[in-house]
Structure formats: C-alpha cells, structure tokens
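Engineer: dropping the sequence and predicted coords here.
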Amino acid sequence: MVETQHDAKRAKVEHSCPEPMAVDDSGLQKDAAAKAPAAECSRRSLMMHYYRRLFPVQQMFRWLCYGNDGGHAAADGTFSSRRELCFTLEGEIFARYQSYKTWTDLANDLLRKVPTKIDIGPVYSHDPRQRAKYAKEFKPMQRELVIDIDMTDYDELRTCGSGGHICSRCWPFMAVAIQVLDTALAEDFGFRHVLWVYSGRRGVHCWVADESARLLADDVRAAVVGYLSVIKGAEGGLTKLGMGLKKHPALERAAATLDAAWRQHILPQQQLLDQPEHYKPLLRYIPDEEIGRELSEKWDAGGQGIVPQGLGAGRRSSTSAAAAAGTAGDSCCLSVRRWDELVKLVTEQYQWLRHEKQYQRANALEKCLSDILFAYSYPRLDVEVTKKMNHLLKAPFCVHPKTGKICVPIDPAAAWEFDPDDVPTVQQLVQEMAAVKQEQQEQQQGQGGGAGDDAAVQQQLQAGVVAEGWHGTSMEPFVQAFEKSFLAPLAASNRAALNDKAKEAAAEQRAQRDDGDLSW
C-alpha cells in the first residue's frame, strides 16, 4: 500500500511532466487564472506576497550557483543557466526545464508565473531550455545527493495517525532518522555541507551539497543509499532487515542512537506497548514463542511491566502524562516499563540457552532485541529518490501546496526540539510582515525627521523590508540559520575550489607556453 502511494507520488513528478509543459506557459496561466475560484485567487495573492517579499531568492540562487555567480576567474558563467527548476502552476500544470542566468531573472519569473510549488533538478550539459537543439548530447552533469524520508512509510508502526498526518508524537521517527543519517554522511562519507529540510507536510529531505556528492554517478548514488538502508521490505508481517547478528560498525553506532531514542522518545510518545493491537505485532519478533505468549497474557491482563521502587504498582501513565514527563523516557511510562520487562525475560532466557550450549537459539533470541529496535526506529528511505541524478525534489523555502507551510531548514543538532506544528504558514508570514511594516512606519513617523531623513528611512525600508521582508517574522531564524550554518561554510569551500581551479589553469597555461618556447 505504501509503495503504491510512493510510486504514484514519484510518477507525478517524473513522468507526468511531458516536455510540452516546458514551453511558453503564459497562455495556460491566463486560462487557469480566469477559471480559478475565489479561494484560488486568494492563494495566488498570498503567493505573490510571498515571492515578492519573503522568499529568500538571493540566498537560494547563491546556493545553487556554487560560487559561479560571481566574478571569480575560474567561475563557469553558464552554470546557473544549466540548472533545471520545475514550476507547478495552478491547475497542476508542470513547467519543467526552467533555467535562469541571474537571481533577478528568477525573481521576476516567480512573480510572473506564481508557482504553487518549486522543484529542483540537476545541472545539465546545456541550457535545458535548448535541450531539443542538443538532442543526445543533453544530459545531467551534476546534482546534489538527496534523501527523502516520508512519514507514510511509518504508517504500520505509528499510533497517532496515518497518511498525510504528522504531529509532535510521531516526529521522533523523523528526528532519530536525521540523527542517524547526518552522522553517517559525515563520519562514513566525509560530507560537510548537508542541509536538512522539513518537507512542509509529512517528511524530511536531505541535500548533500559537497562537490564530491554532486558529481556522483547514478550507480554510486544507488550504492550510497543501499549502504544507508537497512529496511528491505516485509515478509510474513515482519520487517526484513539487511543485517546479521554481527553488525557493521556503522550499524553499531546507529544502534546506540536508536536505543536512546526508543526509550526516551518513541515508546513514550507512540505508546507502542500499551494496547494489544500495537504490542502483539511487536511480540512476533521474539523467536521464543513461550516468552511472547507469557508477555501477551500478562499485558492482556493489565500487567504494568517492571515498576521501579517508589512508583505505585497500579499507576498507569497516559499519553499526556508521558509527554509532560520532560525526558519522556522515565519509568512512569507504561510502554517503557513493559519494554524493560521484555528485555529482562529475553536476556534471562538468552543466558540460560548459552549456559545449556544451545547457541543457535541463543543467538536468535539475542538478535530479536536489535531487530525490534531497527524495525521500529531505523530510517525508512525512499531509495528511488536518491538513485537518479535527474530526480526532482521540492525546493527549500517553497510553500507546500496542501498545508501552506514553508519548507524550512532543520538543525540536526536540535532535531528533537523541532515541532512540525510550529512551522510558519504563508498566510501567517504575510500577516506578520504587514505588522512589522506597520510598526516600522509608526516608528518613522514618531522620529519627526526632516524630508531628507524621511527619504533615508524610506530607502532603508525599501532595502530591508521589500527585498527581504522575512526580517522580523517567524521565518527569520530559519533564513538566518540557512545563511550561517549552510551557505557561509559552503561559500568558503566554493571559493577554495575555484581558487584551486584557477591555479591549475594558470599552471597549465605556463606549461603550454614553455612547450611553445621549446618547439622551435
């Protein structure tokens, strides 16, 4: 069921964007706008405000150019015009193969077309607008390594909702995925420029912007996502895992992160061992049927698990109580207490089997605890998104067309504190921007300066509010984090790479001149 939904989602972007949609769409836009109901017109008005004053177009363009938008001697002047953007217009019209030479060209086209969604594609060998001219020579040359994690892949596990639903209770699945993958990308691959972004609805996206990642061929991208993937489908109602009893060091490292998240966040928030419809599927991972049956019977009868000293035996915590427990992983949570009981019984039986030299049964029992941990909390990746260089992915800071939420960056170090319910919407931001402008105008009037002073203040307002109206709104910390934590370090790497290219070019020119001098 989940795979079918994902296939449909991918097909919508990859295969439902025929090339005729990439031609001049001004007529299509006028027709769509003429037929739009009042609600659509209102949304279009909001999007106009967003693209004119709030969308960080300069920062986004600077990122996607990788230093090639400046005057550096080694800069590639064609780089930006070879990058594909795809606009989704009103009426689900896809305008693929858009490209822009400058950020002002992009800004003007956003105001002209007012897309409901922006997707980012690869950098091609030629300007994608002229792809027909180059035929077989037209191909993708580079693109960020991207990862997509969708909450619908957790529907069989989560207890708080399904489909497009996402909330603070199921967010721990995303938070632990970010922690595990961010560590793997840095420590196992050496990537330094990694951007995590909330998808605006039910998942997260990862953009790896290192040059070595951008140049990876499709088969290498498939190998990378294969290395990062542990979930291999399902069989007999249980999740298939691509790991044995002895784990790869990367999985051992991940296991420590998963264990902490399991006890402190996932079990308390999801209450996975509270109700029979949730704990009975989990107990099936235990190969010793006697242990599974014993626990099931105990819990069916209201068993409280291992109750610490000082905690009343009859106490049964609710979801709200667990959420209010601060660390959320202390033993007041029924699911955590039952998990401790499960671990105790499995460990005792494992030790007895080892003592009796029944090593095969002992190993299977030992592995089941790890299997439960990985099946329920290891990242579930949409591998097809990562495999192909030319796969489109929704741009950071665009507006999700269904929720109106902004696709904001996520600090991986603060992933647990991120709350999808607190992400600003486009309507909220437009209202905040209006309030900031009103306050600034009142302050300007209160200063009582002369005409020259008024003109100077007005110029400041034009530069600060009109160009970057996100200042003073709830989007400001997200844009600032994007600039400070991602763009600034990336810019330094871009400059260093361009300097190296310039030195190599200069050395090659000197070598050619020397060869020419000796050729006579």
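Structural biologist: Great, that's in hand.
Engineer: and the most centrally placed residue in the chain, what does it touch?
Structural biologist: Nearest to the geometric centre of the chain sits residue 205, at 1.9 Å (CA atoms, centre = their mean). Residue 205 makes contacts with 146-149, 196-197, 199, 393-394, 396, 407, as judged by CB atoms under 8 Å, 6 or more residues apart in numbering. C-beta: built from backbone N, CA, C; applies to glycine.
Engineer: tell me which of these is nearest to residue 270?
Structural biologist: The closest of these to residue 270 turns out to be residue 149 (CB to CB; 16.8 Å).
Engineer: so what pLDDT did residue 313 get?
Structural biologist: With respect to pLDDT, residue 313 scores 43.
Engineer: would you map the helices across the stretch 251-400 of the chain?
Structural biologist: Per DSSP state H, counting those that start in this stretch, the stretch 251-400 of the chain carries helices over the ranges 267-270, 276-283, 289-300, 319-323, 334-355, 359-377, 383-387.
Engineer: averaging pLDDT over each of those helices, which comes out lowest?
Structural biologist: Among the helices of the stretch 251-400 of the chain, helix 319-323 scores lowest, at a mean of 40.
Engineer: can you pull out the helices in the stretch 1-150 of the chain?
Structural biologist: Using DSSP H, counting those that start in this stretch, helices in the stretch 1-150 of the chain cover 2-14, 26-35, 38-49, 57-65, 103-113, 131-134.
Engineer: so for residue 332, what pLDDT did the model give?
Structural biologist: Reported pLDDT for residue 332: 73.
Engineer: where are the low-confidence patches of this structure?
Structural biologist: 1-41, 309-331, 447-467, 514-520 (pLDDT under 70).
Engineer: at 80 instead, please
Structural biologist: 1-41, 70, 308-332, 444-467, 511-520 (pLDDT under 80).
Engineer: show me the longest helix that occurs in it.
Structural biologist: The longest helix of the chain (DSSP state H) is helix 488-518.
Engineer: what angle do that one and helix 57-65 make?
Structural biologist: 50 degrees (axes from the mean of the first three to the mean of the last three CA atoms, to 10 degrees).
Engineer: can you list the buried residues in helix 488-518?
Structural biologist: For helix 488-518, a neighbour-count test (16 or more other CB atoms under 10 Å) marks 490-491, 493-494, 498 as buried.
Engineer: same deal with stretch 223-242?
Structural biologist: Buried-residue list, stretch 223-242, by 16+ other CB under 10 Å: 224-225, 228, 230-231, 239, 241.
Engineer: confirm for me that residue 502 is in contact with residue 74.
Structural biologist: Yes. When contacts are counted by CB atoms under 8 Å, residue 502 is listed as touching residue 74 (4.1 Å).
Engineer: now residue 343. Nearest residue, chain neighbours left out?
Structural biologist: residue 369 (6.4 Å; CB to CB, 6 or more residues apart in numbering).
Engineer: how many residues are close by that neighbour?
Structural biologist: For residue 369, the number of neighbouring residues by other CB atoms under 10 Å comes to 19.
Engineer: burial check on residue 130, number of neighbours?
Structural biologist: So residue 130, with other CB under 10 Å, has 14 neighbours.
Engineer: how much space separates it from residue 54?
Structural biologist: Distance, residue 130 to residue 54, by CB to CB, to the nearest Å: 32 Å.
Engineer: likewise for residue 142?
Structural biologist: In terms of CB to CB, residue 142 sits 29 Å off from residue 54.
Engineer: more neighbours: these two, which one.
Structural biologist: Taking neighbours as other CB under 10 Å, residue 142 and residue 54 compare with residue 54 leading, 25 against 17.
Engineer: test my guess that that one contacts residue 431.
Structural biologist: No. With contact defined as CB under 8 Å, residue 54 does not reach residue 431; the gap is 11.5 Å.
Engineer: how far is stretch 427-441 from where the chain is centred?
Structural biologist: Distance of stretch 427-441 from the chain centroid (CA atoms, centre = their mean, to the nearest Å) equals 29 Å.
Engineer: so which bits of that stretch are buried?
Structural biologist: Within stretch 427-441, judged by 16+ other CB under 10 Å, the buried ones are 428-430, 432-433, 436-437, 440.
Engineer: in a markdown table, list the residues you listed along with distance to residue 83 and secondary structure.
Structural biologist: Converted to a markdown table, the buried residues of stretch 427-441 look like this (distance: CB to CB, whole Å; DSSP: H, G, I helix; E, B strand; the rest coil):
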| residue | distance to residue 83 | secondary structure |
| --- | --- | --- |
| 428 | 30 | helix |
| 429 | 26 | helix |
| 430 | 28 | helix |
| 432 | 31 | helix |
| 433 | 29 | helix |
| 436 | 32 | helix |
| 437 | 33 | helix |
| 440 | 35 | helix |
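Engineer: list the contacts for the residue nearest to residue 395 when sequence neighbours are not counted?
Structural biologist: Among residues not flanking residue 395 along the chain, residue 118 sits closest, at 4.3 Å (CB to CB, 6+ apart). Residue 118 makes contact with 85-88, 394-395, 398, according to CB under 8 Å, 6+ apart.
Engineer: remind me which helix or strand the residue nearest to the centre of the chain belongs to.
Structural biologist: Under the criterion of DSSP states H and E, residue 205 resides in strand 203-208.
Engineer: downstream of that strand, the next helix or strand is which one?
Structural biologist: Next along from strand 203-208, by DSSP H and E: helix 211-214.
Engineer: summarise which helices and strands the next helix or strand after that next one is packed against.
Structural biologist: Moving toward the C-terminus from helix 211-214, the next helix or strand (DSSP H and E) is helix 218-228. Packed against helix 218-228, as judged by 3 or more CB pairs under 8 Å, 6 or more residues apart in numbering; DSSP states H and E, are the following elements: strand 145-150, helix 383-387.
Engineer: give me whichever of the ones you listed is most buried.
Structural biologist: Mean neighbours per residue, mean count of other CB atoms under 10 Å, is largest over the helices and strands packed on helix 218-228 for strand 145-150, with a mean of 24.
Engineer: now for that one, which elements pack on it?
Structural biologist: Using 3+ CB pairs under 8 Å, 6+ apart: strand 145-150 touches helix 171-187, strand 203-208, helix 218-228, helix 383-387.
Engineer: contacting residues for the spatially closest residue to residue 382 that is not a sequence neighbour?
Structural biologist: Excluding its sequence neighbours, the residue lying closest to residue 382 (CB to CB, 6+ apart) is residue 148, at 4.3 Å. By CB under 8 Å, 6+ apart, the contact list for residue 148 reads 199, 203-206, 381-382, 385-386, 393.
Engineer: how about the residues you listed, which pair is most distant?
Structural biologist: 199 and 386 (14.9 Å).
Engineer: so residue 161 makes contact with residue 173?
Structural biologist: No. Using CB under 8 Å as the test, residue 161 is too far from residue 173 to be in contact (11.9 Å).
Engineer: neighbour-wise, which of those two wins?
Structural biologist: residue 173 (27 against 14).
Engineer: how near is the spatially closest residue to the more buried one that is not a sequence neighbour to residue 376?
Structural biologist: The spatial neighbour of residue 173 that comes closest, neighbours along the chain excluded (CB to CB, 6+ apart), is residue 154 at 5.1 Å. Separation of residue 154 from residue 376 (CB to CB) stands at 9 Å.
Engineer: repeat for residue 414
Structural biologist: 23 Å.
Engineer: higher neighbour count, these two?
Structural biologist: The neighbour comparison of residue 414 against residue 376 (other CB under 10 Å) goes to residue 376, with 21 against 11.
Engineer: state the distance from the more buried one to residue 258.
Structural biologist: Counting by CB to CB, the gap from residue 376 to residue 258 is 9 Å.
Engineer: likewise residue 106?
Structural biologist: 41 Å.
Engineer: pretty sure residue 274 sits against residue 335.
Structural biologist: Yes. Residue 274 is within contact range of residue 335, at 5.7 Å (criterion: CB under 8 Å).
Engineer: which of those two has more neighbours?
Structural biologist: A direct count of neighbours by other CB under 10 Å for residue 274 and residue 335 places residue 335 higher, at 26 against 21.
Engineer: that one contacts residue 264, correct?
Structural biologist: No. Assessed by CB under 8 Å, residue 335 is found out of contact with residue 264, at 11.8 Å.
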